[in-house]
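Undergrad: this is the structure alone, sequence omitted:
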Ligand code: SF4
């Protein structure tokens with residue numbers, strides 16, 4: 001499919017005009033610099049804008065620049081990311097900061113090829129940083145842009161990803177307008193050409209769209225896979241027993257021990273929680289428990305004060321919040337109830 005020059009120019013002009021009038025006021029857009037773009041792009045991977053805003057502001061207060069982030073411990077970094085999910089992003093961001101300080105004088109590179117060498121930075125994130133932070137003429141394609149292109153140009157579902165990147169490249173305006181152009185594409189996909197319902201009457205390019213008003217076919221969402229987990233809530237003298245998580249998505253976090261009837265006595269059900277992680281729906285039952293013998297394995301007793309500084313998986317912090325001796329733990333971070341990472345429904349059962 002060839003996109004005529006006249007059409008490209010008209011699309012670009014209208015997108016920019018629309019964006020100037022409708023761009024959302026987001027904190028990372030107010031004072032864009034390479035670090036703020038890097039942080040926001042990492043946070044926005046797999047996570048909705050609304051869920052990211054509060055985390056972003058808090059993060060920038062705690063780690064205002066690359067150097068502050070590089071100096072922080074992994075525990076501090078994970079604690080600040082707690083509740084946002086997909087924790088590999090936080091670990092990679094931390095690694096990037098240390099790498100930049102050690103090898104690049106604390107500065108992010110501006111070339112896509114160099115950006116793609118950083119941990120956790122793929123083609124999209126590199127394109128976003130290069131264009132939004134450095135004004136480079138770099139294309140980007142995220143989920144919103146992909147959907148917009150599919151509808152705008154009536155592309156078949158099997159269109160290869162490389163073709164979408166070619167279209168993004170062909171549509172790029174002069175470097176002066178690249179940042180606004182790329183932001184406009186993403187914003188249009190996010191707020192007008194939305195996944196379930198395209199708002200065509202509000203669309204600035206509706207008369208140029210090849211599928212306007214047509215049915216938008218979306219692959220049906222696969223049903224989540226059900227998982228069952230049991231954890232133990234062991235409290236003594238106002239402190240709770242936590243164990244370090246050594247692997248998996250919660251590596252570096254502290255968590256309730258998984259309930260093991262061989263080493264613990266079940267004192268009754270404390271609460272039930274269900275939450276979603278990626279394609280899983282996890283049903284977690286937390287039991288009040290006591291040691292059958294003396295505590296075994298690596299772990300530590302933590303007070304409510306200790307909990308403030310430790311990173312915990314959100315469901316485990318919720319379970320601890322309902323335990324009387326630990327009820328003075330800090331207020332939970334905003335619950336990302338509608339995002340994919342870790343939506344939690346909480347139902348205390350009582351002791
Ligand atoms: S006209 Fe509708 S389907 Fe086409 S790009 Fe605009 S919002 Fe999307």
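TA: Yep, it's here. Everything numeric here is computed off the predicted structure, so don't read it as measured data.
Undergrad: next one: phi and psi at the closest residue to residue 10 other than its chain neighbours?
TA: Distances taken as Cβ to Cβ, 6 or more residues apart in numbering place residue 208 nearest to residue 10, at 6.6 Å, with adjacent residues excluded. Quick note: C-beta positions are derived from backbone N, CA and C, even for glycine. When quoted as degrees, to the nearest 10, the phi and psi of residue 208 stand at phi -100, psi -10.
Undergrad: same question, residue 246
TA: Per degrees, to the nearest 10, the backbone of residue 246 is at phi -90, psi -20.
Undergrad: same check on residue 321?
TA: Taking degrees, to the nearest 10 as the convention, residue 321 sits at phi -60, psi -30.
Undergrad: what is the neighbour count of it?
TA: With neighbours defined by other Cβ atoms under 10 Å, the count for residue 321 comes to 19.
Undergrad: measure it to residue 270 for me?
TA: Residue 321 sits 11 Å away from residue 270, taking Cβ to Cβ, to the nearest Å as the criterion.
Undergrad: ok, the nearest residue to residue 236 once chain neighbours are set aside - how many residues close by?
TA: Take residue 236 and drop its neighbours on the chain: the residue closest to it by Cβ to Cβ, 6+ apart is residue 301, 6.9 Å away. Neighbour count for residue 301, taken as other Cβ under 10 Å: 15.
Undergrad: ditto for the one 10 residues further on
TA: Counted by other Cβ under 10 Å, the residues lying close to residue 311 total 23.
Undergrad: helix or strand for it, which one?
TA: Here residue 311 sits in a region with no helix or strand, counting by DSSP states H and E.
Undergrad: which ones are touching it?
TA: The contact partners of residue 311, by Cβ atoms under 8 Å, 6 or more residues apart in numbering, come to 75, 78-79, 81-82, 252-254.
Undergrad: re the thing from before, which SS class is the residue nearest to residue 236?
TA: strand (DSSP: H, G, I helix; E, B strand; the rest coil).
Undergrad: give me the beta-bridge partners of it?
TA: On the basis of DSSP bridges, residue 301 is bridged to residue 241.
Undergrad: gap between it and the ligand?
TA: Separation of residue 301 from the ligand (Cβ to the nearest ligand atom, to the nearest Å) stands at 56 Å.
Undergrad: so where is this protein shaky, pLDDT-wise?
TA: 1, 213-220, 293-296, 323-351 (pLDDT under 70).
Undergrad: what residues does it put near the ligand?
TA: Within the chain, the positions lying close to the ligand (Cβ under 6 Å from any ligand atom) are 148, 151-152, 192-193, 198-200, 203, 205-206, 209, 211-212.
Undergrad: and the residues you listed, which of them are buried?
TA: 148, 151-152, 192-193, 198, 200, 203, 205-206, 209, 211-212 (16 or more other Cβ atoms under 10 Å).
Undergrad: which of those fall in helices?
TA: Residues of these located in helices (DSSP state H): 148, 151-152.
Undergrad: what helix or strand is residue 154 located in?
TA: Short version, using DSSP H and E: residue 154 is in no helix or strand.
Undergrad: that one: neighbouring residues, count only.
TA: Neighbour number of residue 154 under other Cβ under 10 Å is 13.
Undergrad: helix or strand for residue 272, which one?
TA: With DSSP H and E as the test, residue 272 turns up in strand 264-277.
Undergrad: next SSE after that strand?
TA: Toward the C-terminus from strand 264-277 - assigned by DSSP H and E - lies strand 280-291.
Undergrad: work out the gap between that following strand and the centre of the chain.
TA: The chain centre lies 25 Å from the centre of strand 280-291; the measure is Cα atoms, centre = their mean, to the nearest Å.
Undergrad: from the ligand, how far out is the spatially most central residue of the chain?
TA: In the chain, the residue lying closest to the centroid (Cα atoms, centre = their mean) is residue 47, at 3.8 Å. Distance check for residue 47 against the ligand: by Cβ to the nearest ligand atom, it reads 23 Å.
Undergrad: wait, doesn't that residue sit right on residue 85?
TA: Yes. Here residue 47 reaches residue 85: they are 7.0 Å apart, a contact under Cβ atoms under 8 Å.
Undergrad: before we move on, the earlier item: in JSON lines, list the contacts of residue 311 along with secondary structure.
TA: Output for the contacts of residue 311, formatted as JSON lines (three-state DSSP):
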{"residue": "75", "secondary structure": "helix"}
{"residue": "78", "secondary structure": "helix"}
{"residue": "79", "secondary structure": "helix"}
{"residue": "81", "secondary structure": "helix"}
{"residue": "82", "secondary structure": "coil"}
{"residue": "252", "secondary structure": "coil"}
{"residue": "253", "secondary structure": "coil"}
{"residue": "254", "secondary structure": "strand"}
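Undergrad: ok, these vs residue 104, which is closest?
TA: Nearest to residue 104 among the contacts of residue 311 is residue 81, at 23.0 Å by Cβ to Cβ.
Undergrad: what's the closest non-adjacent residue to residue 89?
TA: Closest to residue 89 by Cβ to Cβ, 6+ apart is residue 42, at 4.8 Å.
Undergrad: let me see the contact set for the one you found.
TA: Residue 42 neighbours (Cβ under 8 Å, 6+ apart): 89-90, 92-93, 120, 125.
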